[in-house]
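Undergrad: Give me coordinates for this.
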Amino acid sequence: MKNILTIDIGNTNITAGLFCCKHLSEKCKIPTAAYSSYDRLFKQFFGSCGVTAHEVTEVIISSVVPLALSRLVYYLNKTPGRIIRITGKDVDVPIKNLYKVKSEVGQDRLVNAFAANKLYGAPCVIVDFGTAITFDIVSGKGEYLGGLILPGIKMSLKSLYDRTALLPKVELKAVSNIIGKDTINSMRGGILFGFGAMCDGLVSQYRKILGKGAKVIATGGNAGLVKRYAKSINIVDEDLTLRGLFLIYKSLARCA
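TA: Just a heads-up that it's a prediction; the model follows:
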């Protein structure tokens with residue numbers, strides 16, 4: 001069976017997943033800014049998967065960081081015969097895009113919308129808790145309608161420390177009380193209960209448009225944590241983008 005490498009290049013991390021026999025067998029995160037280490041880190045990843053670089057012949061990538069994309073493609077092209085496909089360049093994400101300026105939509109957002117529709121059904125709302133938080137909306141017809149972009153959780157927490165004189169640097173951890181009894185837990189609670197309420201409030205408005213049955217799928221590194229504070233989230237799928245890329249690859253293979 002072919003080993004299919006799926007790669008999502010985000011602003012903070014590159015998330016890579018190796019699919020074998022239709023299943024995500026292994027995944028890893030690599031700092032996006034670690035340009036000089038891509039070669040070493042991907043070799044380590046392949047080793048942890050039990051494959052060599054020459055056994056990974058098919059790659060599909062979505063990216064929101066052009067410089068990282070060019071550096072990574074340069075490394076990946078060192079393996080002869082490897083086929084690399086880039087969403088938005090070599091292949092279009094197969095979803096009707098109703099954004100006013102279609103080229104402004106991040107490829108990861110389109111991949112997530114396509115994957116959520118295929119895996120969980122439409123209408124749906126996808127909330128990606130990444131470096132930025134994005135809300136993406138898929139209509140009952142399976143069309144990408146658009147969405148919202150907000151500052152991410154870690155970005156917001158860091159801004160409290162960077163922009164204030166007395167607030168400390170805080171690690172994000174779960175809290176149980178909406179009334180903070182000290183500064184650290186007040187900051188943690190403000191972020192988690194605040195973003196949970198924000199998520200519930202926006203989803204409530206979206207369900208007025210899409211219907212009460214619209215599913216909410218959360219993805220991104222903090223999705224599992226935020227679900228504890230957002231009652232509106234139905235499904236957490238941290239691998240949504242990788243799975244979407246693999247689904248796109250499979251659709252290309254069927255058409256070949």
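
Undergrad: Please count neighbours and contacts with C-alpha atoms only from this point.
TA: Fine.

Undergrad: Going by residue numbers, what spans are strands in the stretch 51-200 of the chain?
TA: Applying DSSP state E, counting those that start in this stretch to the stretch 51-200 of the chain gives strands spanning 58-63, 83-86, 124-129, 132-138, 144-151.

Undergrad: Please identify the most buried of these.
TA: Sort those by mean neighbour count, taking mean count of other CA atoms under 10 Å, and strand 124-129 sits at the top with a mean of 27.

Undergrad: If you count contacts, what does it end up packed against?
TA: Secondary-structure packing of strand 124-129 (3 or more CA pairs under 8 Å, 6 or more residues apart in numbering; DSSP states H and E): helix 107-120, strand 132-138, helix 183-210, strand 215-219.

Undergrad: Need the CA coordinates for stretch 81-99. CSV is fine.
TA: These are the backbone C-alpha positions of stretch 81-99, laid out as CSV (Å, rounded to 0.1, in the frame of the first residue of the first chain):
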residue,chain,number,x,y,z
GLY,A,81,10.0,10.4,-8.0
ARG,A,82,8.0,11.9,-5.2
ILE,A,83,4.7,13.5,-6.2
ILE,A,84,3.8,16.7,-4.3
ARG,A,85,0.4,18.3,-4.6
ILE,A,86,-0.4,21.7,-3.0
THR,A,87,-4.0,22.7,-2.4
GLY,A,88,-4.9,26.0,-4.1
LYS,A,89,-2.1,25.5,-6.6
ASP,A,90,-2.0,21.9,-8.0
VAL,A,91,-5.4,20.9,-6.8
ASP,A,92,-8.6,22.8,-5.7
VAL,A,93,-10.4,21.8,-2.5
PRO,A,94,-13.6,20.2,-3.9
ILE,A,95,-16.1,22.5,-2.2
LYS,A,96,-18.1,25.4,-3.6
ASN,A,97,-16.5,28.5,-2.3
LEU,A,98,-18.9,31.5,-1.8
TYR,A,99,-16.3,33.8,-0.2
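
Undergrad: and it, how far out from the chain's middle?
TA: Relative to the centre of its chain, stretch 81-99 is centred 16 Å away, using CA atoms, centre = their mean, to the nearest Å.

Undergrad: next one: stretch 203-213
TA: Centroid separation between stretch 203-213 and its chain, computed with CA atoms, centre = their mean, is 22 Å.

Undergrad: Same question for that stretch: list its buried residues.
TA: 203, 206-207, 210 (16 or more other CA atoms under 10 Å).

Undergrad: Ok, stretch 94-111 next?
TA: Using 16+ other CA under 10 Å as the test for burial, stretch 94-111 gives 95, 97, 105, 107-111.

Undergrad: Kindly report the same for stretch 225-234.
TA: For stretch 225-234, a neighbour-count test (16+ other CA under 10 Å) marks 225-227, 229-230, 232-233 as buried.

Undergrad: Rebuild these as JSON lines, extending it with pLDDT.
TA: Formatted as JSON lines, those follow (pLDDT from 0 to 100):
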{"residue": "L225", "pLDDT": "95"}
{"residue": "V226", "pLDDT": "96"}
{"residue": "K227", "pLDDT": "97"}
{"residue": "Y229", "pLDDT": "98"}
{"residue": "A230", "pLDDT": "98"}
{"residue": "S232", "pLDDT": "98"}
{"residue": "I233", "pLDDT": "98"}
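
Undergrad: Just send the strands of the stretch 51-200 of the chain back as a markdown table, with distance to S176 and mean pLDDT too.
TA: Shown next, in a markdown table, are these (distance: least, CA to CA, whole Å; pLDDT from 0 to 100):
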| stretch | distance to S176 | mean pLDDT |
| --- | --- | --- |
| strand 58-63 | 36 | 97 |
| strand 83-86 | 43 | 97 |
| strand 124-129 | 20 | 98 |
| strand 132-138 | 23 | 97 |
| strand 144-151 | 23 | 97 |
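
Undergrad: JSON lines please, covering those strands and showing distance to S25.
TA: JSON lines is the format used below for the strands of the stretch 51-200 of the chain (distance: least, CA to CA, whole Å):
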{"stretch": "strand 58-63", "distance to S25": "15"}
{"stretch": "strand 83-86", "distance to S25": "20"}
{"stretch": "strand 124-129", "distance to S25": "22"}
{"stretch": "strand 132-138", "distance to S25": "27"}
{"stretch": "strand 144-151", "distance to S25": "29"}
